[in-house]
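Asks: all I have is the shape, not the residue letters:
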């Protein structure tokens, strides 16, 4: 099957659906992962990234989600977009050619200037170094 152009499914959708362009069905037993081809290559403008995200309905109904979520497509990447899926469900799931498997969201990227410092030189905040559930 050839590539299916990404498309917004509703007027207010933030993400465009991506579909499988695999040559045939891909069987995903529980706990397994698979790299699903989309047949697409994109040219994302400098200053943006493509975020590949799970489809919520697919995750709810089947347990199929993205292993690295969101996946990032850098502005200088020119290869095929593939989607790394994992079956977290309890049943075998088959991805058919043309199935919608993920969403693509374009987002602005801010690049930081890095300045080396020691922790004691950082400005203090009410939170300080508290992390990983420190607020309850």
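Replies: Ah, there it is. For clarity, every value in this text was computed on a predicted model and none was experimentally measured.

Asks: low pLDDT regions in the chain?
Replies: Filtered on pLDDT under 70, the chain yields the residue ranges 1, 136.

Asks: 80 - rerun?
Replies: In the predicted model of the chain, residues 1, 129-130, 133-136 satisfy pLDDT under 80.

Asks: what about the helices in it?
Replies: Counting by DSSP state H, the chain has helices at residues 56-62.

Asks: if I look at the residue nearest the centre of the chain, how far off is residue 25?
Replies: The centroid of the chain falls nearest to residue 52 when counting by Cα atoms, centre = their mean (2.6 Å). Per Cβ to Cβ, to the nearest Å, residue 52 is found 21 Å from residue 25. C-beta: built from backbone N, CA, C; applies to glycine.

Asks: do the same with residue 66
Replies: Distance, residue 66 to residue 25, by Cβ to Cβ: 20 Å.

Asks: so those two - more neighbours on which side?
Replies: Just comparing residue 66 and residue 25: by other Cβ atoms under 10 Å the higher neighbour count belongs to residue 66, 20 against 12.

Asks: leaving out the residues flanking it, which one is nearest to that one?
Replies: In this structure, residue 66 finds its nearest non-sequential neighbour in residue 54, 4.8 Å apart by Cβ to Cβ, 6 or more residues apart in numbering.

Asks: wait, the one you found touches residue 67, no?
Replies: No - with contact defined as Cβ atoms under 8 Å, residue 54 does not count as touching residue 67 (9.8 Å).

Asks: looking at these two, which is more packed in?
Replies: Using other Cβ under 10 Å, the more surrounded residue of residue 54 and residue 67 is residue 54, with 22 against 14.

Asks: can you give me the strands in the protein?
Replies: Shown for the chain, the strands assigned by DSSP state E span residues 16-19, 26-28, 33-41, 48-53, 64-66, 71-73, 80-87, 93-95, 100-108.
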